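> coords please:
(one chain, ligands or ions: 1)
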Amino acid sequence: MGLEAYNSKRDFLKTTEPSGSQKPAGASASRFVVQKHTASHLHYDFRLEMDGVLKSWAVPKGVPEQPGIRRLAVQTEDHPLDYITFEGVIPEGEYGAGRVEIWDSGTFVLNEKDSKKIEFALKGGKLAGSYVLIHTGEDNWLMLKKKGA
Ligand code: MN
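Sure, this is the predicted structure:
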């Protein structure tokens, strides 16, 4: 996907979000972040470091902390790796206007990935265990925590 969509939506003279470029893959351990985004609609942005960018999903009800809970996750544009530490207020009138706070962060191990499914194990401050994202069509995915492990 690259970062064209990300960059085209933002005016970096107005927002303090990072403008960043894609990094070569495979250089560092894989990280994840969950950013609480108090925008026009509160949601949680879940991002996985993958292919030199942050693959991103907006999860309106938040990442499930217990098995058996299914949450809608809407894929959004890839974000630059520097976004993983971003916190701040995106100004009124700008894309995504509102407050961004880091809700959780840590590392993950990728277990399986194809066009329909991404399976991974999170090790964060709040989130831990095996998760799966299932592609259900268009930008929509379901996120759930697996039992055990
Ligand atoms: Mn967001």
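
> where along this structure do the helices fall?
4-8 (DSSP state H).

> which residues of the chain score low on pLDDT?
1, 24-29, 149 (pLDDT under 70).

> the ion contacts on that one?
H37, D45 (Cβ under 5 Å from the ion). (Glycine included, C-beta is placed from N, CA and C.)

> the chain: strands as residue ranges?
Under the criterion DSSP state E, the chain contains strands at 31-38, 42-50, 53-59, 70-79, 88-90, 98-113, 117-124, 128-137, 140-145.

> any figure for the gap between the residue in the chain positioned nearest to the ion and F108?
Nearest residue of the chain to the ion, counting by Cβ to the ion: H37, 3.7 Å away. For H37, the distance to F108 equals 20 Å [Cβ to Cβ, to the nearest Å].

> distance of the spatially most central residue of the chain relative to A121?
Residue closest to the average C-alpha location in the chain (Cα atoms, centre = their mean): R47, at 1.9 Å. R47 is 16 Å from A121, where distance means Cβ to Cβ.

> with M143 instead?
Applying Cβ to Cβ to M143 and A121 gives a distance of 14 Å.

> next: I84.
Counting by Cβ to Cβ, the gap from I84 to A121 is 18 Å.

> higher neighbour count, these two?
I84 (18 against 15; other Cβ atoms under 10 Å).

> pretty sure the residue of the chain closest to the ion sits against R47.
No. In this structure H37 lies outside contact range of R47 using Cβ atoms under 8 Å: 11.1 Å.

> hey, what's in contact with both of M143 and A121?
Shared contacts of M143 and A121 (Cβ atoms under 8 Å, 6 or more residues apart in numbering): Y131.
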